[in-house]
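Enquirer: Make a model of this:
(2 chains)
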Amino acid sequence: MVGDVFVAPLEVAFPYKRTVGTLLSRFFTSLSECRLEGTRGSDGRVYFPPAEFDPLTGAQLTEWVSLSDTGTVSTWAWQSTPVEGQPLSHPFAWALITIDGADVPMLHAVDAGSPENIAIGTKVKVRWAQDRPGGVTDIACFDVVGGAS
Amino acid sequence: MALRDIAIVGTAQRPSEVNSTFTSVEILLPVIQQLLDKVGIERSEIGFWCHGSCDYMSGQPFSFVSAVDAIGAWPPIIESHVEADGALALYEAWVKIQTGEVDVALVFSNGKTTSGPIDQILSLQTDPYMVAPLKPGFDALAALQARACLEAGVVTERQMAEVAARSRRDAHNNAVAFTKGNESVDELLAMPYTLNPLRAHDCATPVDGANAIILAAGDVARRLAERPAWIRGIDHRIDTQRLGARSMITSSSAAIAAQKAGVAKDRIDVAELHAPYTHQELLLRNAMGLSESTHINPSGGALVANPAMAAGLARFAEAAESIFAGSADRVLAHCTSGPMLQQNLVCVMEGE
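Expert: Numbering: from 1, shown residues only, chains lettered A, B, ... in the order given. Have a look, this model is predicted:
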């Protein structure tokens, strides 16, 4: 109680469990084992994170492709004041990152230190989370290859 | 089957506010009553009611149902709700009138945008496995798009500041607008980045607001309005939800919607674009092929007042009012939703 006002917590969340299906099961398992795998689309492009259905044709995609844990920044933005729950609690870069061997970029965070250390074309490498329950946050963030200068 | 002629015959908007202590019903009720009075129509003459709002903002499933109190459910009415901007509710109402079941529809929308961190709340609607767990926020996603556009030379920071300066100036003439200013482009460019490459004025102003529109068919529309805003084309397109698979420097969904809505068939006098970020206005103008002679966002647009889920319908209201006033003959209204211009609805209206 705060004065005469009754206060109750309200957490906006997905308050239920769900199965993730065949593709995400395999994908999340590979992440928890520190491996990156994408899927190949009908036009030959490799998606990472993997696409379950071809964005062009709608067909189910079944060809898996093993990928390295490095990639290239295709665009970025600087989060100078991080929000609770984001990948890093100190200032960092959001980036679309094309993993080497993939063709379609993914969203993640880059621990670049300062905006001077990142640009389109910057090479980055996965930093794995200590706990990896299976999910996109098994990747803690990306580090700039060669270190943030 | 020939399409029925359908027009907007009246609009009402609630002035923007922040940290409103009113409920959604209290916010909507006066707007709807004001609209019915203005158009001179009884509730019983409304054949279909359609509402746009977002349950994520109140954090409670089916919270939109309570808004029915603002329109009254007795005697029984036919109503529907879209978990989206009111502009999408207008599209549903247009389809409903096209079926021939009803001749008149009232569309309304509301958003208590400032009761929570809207930037984070809306990003809960992104891919729940690949994007939402990272909590990127809509501003950050827009900033990624802006960077790609800047690097590709599609826009410049000066052009973005020009959009902001014009919008803040035009806001002085709009009673619904919230943010107003007279800064020069250079003054805006001297402001610090908030989410590099975006500055505060590059991002829309979240406000609490509500609005409502009445649509009517054929002779009913001519009876209800002196100069109805006739809908000549309306189309809604969606880009892939995979952020990385979309072009960052064009909007293919906006381009297709504009083409299907017939934007290029004749000149557009006024275009009300729902662009929550300055670079997105520039992207939309390019995608829709709008010329220099088109007056963009005389209302100030979403940059100066962005009630989530009502800002798109507000563009329809503003565009239609310029037809009512006789200051324009052919106008464009646009609504976007989702991150980085994922969805785009384009509508062309004409006066007779």
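
Enquirer: Every contact and neighbour count from this point should use C-alpha atoms.
Expert: OK.

Enquirer: Next, residue B:236: secondary structure please.
Expert: Secondary structure state of residue B:236, per DSSP: H, G, I helix; E, B strand; the rest coil, is strand.

Enquirer: Now do the same contact list for it.
Expert: Residue B:236 makes contact with B:253, B:257, B:343-346, according to CA atoms under 8 Å, 6 or more residues apart in numbering or on different chains.

Enquirer: and the residue nearest in space to the middle of chain A, backbone torsions?
Expert: Central residue of chain A (CA atoms, centre = their mean): residue A:108, 4.2 Å from the mean position. The phi and psi torsions at residue A:108 (degrees, to the nearest 10) take the values phi -160, psi -180.

Enquirer: Tell me how far the lowest-mean-pLDDT helix or strand in chain B lies from the chain's centre.
Expert: Sorting the helices and strands of chain B by mean pLDDT, DSSP states H and E puts helix B:55-58 at the bottom, at a mean of 86. Mean C-alpha position of helix B:55-58 versus that of the full chain (CA atoms, centre = their mean, to the nearest Å) differs by 18 Å.

Enquirer: Show me which positions of it end up buried.
Expert: B:56-58 (16 or more other CA atoms under 10 Å in any protein chain shown).

Enquirer: and which of these is nearest to chain A?
Expert: Of all those, chain A sits closest to residue B:56, with 7.8 Å by CA to the nearest CA.

Enquirer: Give the closest residue to residue 41 in space, chain neighbours not counted.
Expert: Just going to use chain A. Of all residues not flanking residue A:41 in the chain, residue A:54 sits nearest, at 5.6 Å (CA to CA, 6 or more residues apart in numbering or on different chains).

Enquirer: Hmm, no, I was thinking of chain B.
Expert: In this structure, residue B:41 finds its nearest non-sequential neighbour in residue B:224, 7.9 Å apart by CA to CA, 6+ apart.

Enquirer: now residue B:323: how far from chain A?
Expert: Distance, residue B:323 to chain A, using CA to the nearest CA, to the nearest Å: 40 Å.

Enquirer: Looks to me like that residue is in a helix.
Expert: Yes. Under three-state DSSP, residue B:323 falls within a helix.

Enquirer: Any idea what the residue nearest to the centre of chain A is bridged to?
Expert: Beta-bridge partners for residue A:108, by DSSP bridges, are residue A:95.

Enquirer: Now do the contacts for residue 142.
Expert: No chain was given, so I picked chain A. Residue A:142 sits in contact with A:108-111, A:124-127, where contact means CA under 8 Å, 6+ apart.

Enquirer: try chain B instead
Expert: B:277, B:339-340.

Enquirer: Same check on residue A:119?
Expert: Applying CA under 8 Å, 6+ apart to residue A:119 gives the contacts A:73, A:75-76.

Enquirer: Equivalent analysis for residue B:340, please.
Expert: B:138, B:141-142, B:145, B:248, B:280.

Enquirer: May I ask you to name the longest strand in chain A?
Expert: strand A:70-79 (DSSP state E).

Enquirer: From the contacts of residue A:119, pick the one nearest residue A:102.
Expert: Ranked by distance to residue A:102 (CA to CA), the contacts of residue A:119 are led by residue A:73 at 12.6 Å.

Enquirer: would you list every one of the helices in chain B?
Expert: B:24-39, B:55-58, B:86-98, B:118-123, B:138-152, B:157-170, B:185-189, B:218-224, B:252-261, B:278-288, B:301-304, B:311-324 (DSSP state H).

Enquirer: ranking those helices by burial, who's on top?
Expert: Sort the helices of chain B by mean neighbour count, taking mean count of other CA atoms under 10 Å in any protein chain shown, and helix B:301-304 sits at the top with a mean of 30.

Enquirer: Run through the neighbouring helices and strands of it.
Expert: The contact analysis (3 or more CA pairs under 8 Å, 6 or more residues apart in numbering or on different chains; DSSP states H and E) places helix B:301-304 against helix B:157-170.

Enquirer: tell me the mean pLDDT for the helix it packs on?
Expert: What helix B:157-170 shows for mean pLDDT is 98.

Enquirer: Contacts for that helix, please.
Expert: By CA under 8 Å, 6+ apart, the surrounding residues in contact with helix B:157-170 are B:150, B:179-185, B:188-189, B:201-202, B:278-279, B:281-282, B:297-301, B:303-304.

Enquirer: if you set the cut-off to 6 Å instead, what comes out?
Expert: Helix B:157-170 is contacted by residues B:180-182, B:185, B:278-279, B:298, B:300 when judged by CA atoms under 6 Å, 6 or more residues apart in numbering or on different chains.

Enquirer: tell me which parts of chain A are close to chain B?
Expert: Near chain B, the residues belonging to chain A are A:12, A:75-79, A:86, A:104-106, A:136 when assessed by CA under 6 Å from any CA of the partner chain.
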